[in-house]
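S.K.: When you get a sec, could you give me coordinates for this:
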Amino acid sequence: MIEISHLTKSFQNGNLVFNALSNVSITIPDNKLIFLSGESGSGKTTLLSIIGLLQKPTSGQVIISNEIINYDSDSYTRRRLKDTISLVFQEFNLLDDFSVIDNLKIVCDDDALVMKIIKKIRLENKINTPTKFLSGGEKQRLAIGRALAKGGDIILLDEPTGSLDAENSTIIFTLLKEISISKTVIVASHDLASAYFYGDQIIFLKSGKIDHEVDLSVKDYEIDFPQKGFSAFDLILDIIRYKQQNDNFVITCTCDSQKKKFYSFKRKLLERLV
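M.R.: Numbers count the residues shown, from 1 in each chain. Predicted coordinates for the structure are as follows:
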């Protein structure tokens with residue numbers, strides 16, 4: 001489990017201070033596929049970087065596997081936890097002149113495991129192909145395979161399908177869903193349709209803050225709109241738009257002391273006050 005408490009990350013340029021994250025508190029469960037969603041500049045990549053130990057927060061606390069992270073470069077917890085976290089970047093960061101299998105052997109000397117991963121990422125027919133000759137989707141699968149080869153319990157991905165077509169995006173998210181059975185997978189993505197289809201939880205960020213969350217592992221959704229009134233229905237529309245049409249679910253919206261429920265049943269949306 002990853003527990004984030006009152007996390008703030010500030011950048012200073014002269015007398016100007018910009019908060020990329022402001023007082024973010026969130027709990028991320030183990031072995032789930034979690035999506036971070038929000039507009040560019042909302043703080044998704046910064047949050048990933050802090051969880052991935054690439055950036056030090058200005059204030060706040062991050063706990064991974066019951067250990068409080070000390071972000072000092074020579075701290076024991078940081079050095080040890082780096083081995084449990086793998087990051088997959090948009091640029092892939094692969095060795096172009098190395099073959100598929102050699103890119104994996106750099107981080108894993110277990111030949112049997114390497115072969116198992118190659119099959120998992122569906123690159124058996126490209127095992128000796130230099131990476132520079134792979135397609136974008138194949139490179140992304142190899143980057144994910146390298147994260148698996150490294151081991152560890154947490155995989156972080158920043159827009160893994162941002163430059164891929166629909167077919168390759170489906171392959172990638174299907175693979176990530178399978179991986180999340182045994183690992184915690186956190187994805188920063190603009191792809192809301194995939195987030196609702198594959199995700200177990202979506203964390204929406206806005207201007208460096210948690211705007212709202214949606215737990216997709218349930219059939220009943222509870223949404224709180226403090227001081228927004230029932231005009232803030234974008235989230236409801238997203239659930240209706242992206243969930244499978246045959247799903248039956250309940251959305252409970254709360255504003256102050258008033259509640260309103262929406263029932264989706266056999267493609268019909270029913271509404272009543274509670």
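
S.K.: any idea where the strands of the stretch 1-150 of the chain begin and end?
M.R.: With strands called from DSSP state E, counting those that start in this stretch, the stretch 1-150 of the chain shows them at 2-13, 16-28, 33-37, 59-64, 67-68, 85-88.

S.K.: T170 is nearest to which of the ones you listed?
M.R.: strand 33-37 (14.2 Å; CB to CB). In short, each C-beta sits where N, CA and C put it, glycine included.

S.K.: picking up where we left off before, what's the most buried one of the strands of the stretch 1-150 of the chain?
M.R.: Among these, ranked by average contacts under mean count of other CB atoms under 10 Å, first place goes to strand 33-37 (a mean of 25).

S.K.: Just name whatever secondary elements it is in contact with.
M.R.: helix 44-51, strand 184-188, helix 192-198, strand 201-206 (3 or more CB pairs under 8 Å, 6 or more residues apart in numbering; DSSP states H and E).

S.K.: What's the mean pLDDT across the last one?
M.R.: This points to strand 201-206. Averaged over strand 201-206, pLDDT sits at 92.

S.K.: which strands and helices sit next to the next helix or strand after that strand?
M.R.: Of the helices and strands lying after strand 201-206 in sequence (DSSP states H and E), the nearest is strand 209-215. For strand 209-215, the packing partners by 3+ CB pairs under 8 Å, 6+ apart come out as strand 16-28, strand 201-206, strand 220-224, helix 234-242.

S.K.: 7 Å instead, please
M.R.: strand 16-28, strand 201-206 (3 or more CB pairs under 7 Å, 6 or more residues apart in numbering; DSSP states H and E).

S.K.: The shortest one pairs with which strands, and in what direction?
M.R.: Here strand 201-206 has these sheet partners by DSSP bridges: strand 33-37 (parallel), strand 209-215 (antiparallel).

S.K.: and if you look at the first one?
M.R.: When sheet partners are counted by DSSP bridges, strand 16-28 sits next to strand 2-13 (antiparallel).

S.K.: out of the strands of the stretch 1-150 of the chain, which comes closest to S194?
M.R.: strand 33-37 (8.0 Å).

S.K.: Pull the closest one out as CSV, backbone CA atoms only.
M.R.: In CSV, the C-alpha atoms belonging to strand 33-37 read as follows (Å, rounded to 0.1, in the frame of the first residue of the first chain):
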residue,chain,number,x,y,z
LEU,A,33,-4.6,-0.7,-11.8
ILE,A,34,-4.8,2.9,-10.7
PHE,A,35,-5.2,5.8,-13.2
LEU,A,36,-4.1,9.4,-12.6
SER,A,37,-6.2,11.7,-14.7
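
S.K.: Could you dump the helices and strands packed on strand 33-37 into CSV with mean neighbour count and distance to F11 added?
M.R.: Shown next, in CSV, are these (neighbours: other CB atoms under 10 Å; distance: least, CB to CB, whole Å):
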stretch, mean neighbour count, distance to F11
helix 44-51, 23, 9
strand 184-188, 27, 18
helix 192-198, 19, 27
strand 201-206, 21, 16
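
S.K.: May I see the ones you listed organised as TSV, with distance to R80 added?
M.R.: As requested, the helices and strands packed on strand 33-37 are exported to TSV (distance: least, CB to CB, whole Å):
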stretch	distance to R80
helix 44-51	15
strand 184-188	17
helix 192-198	31
strand 201-206	26
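
S.K.: which of the ones you listed has the lowest average pLDDT?
M.R.: helix 192-198 (a mean of 86).

S.K.: thinking again about what came up before, could you tell me the least trusted of the strands paired with strand 201-206?
M.R.: strand 209-215 (a mean of 86).

S.K.: where does the stretch 101-250 of the chain dip in pLDDT?
M.R.: 218-237, 239-249 (pLDDT under 70).

S.K.: List just the one of the helices and strands packed on strand 33-37 that sits closest to L148.
M.R.: Using CB to CB, those put strand 184-188 closest to L148, at 10.7 Å.
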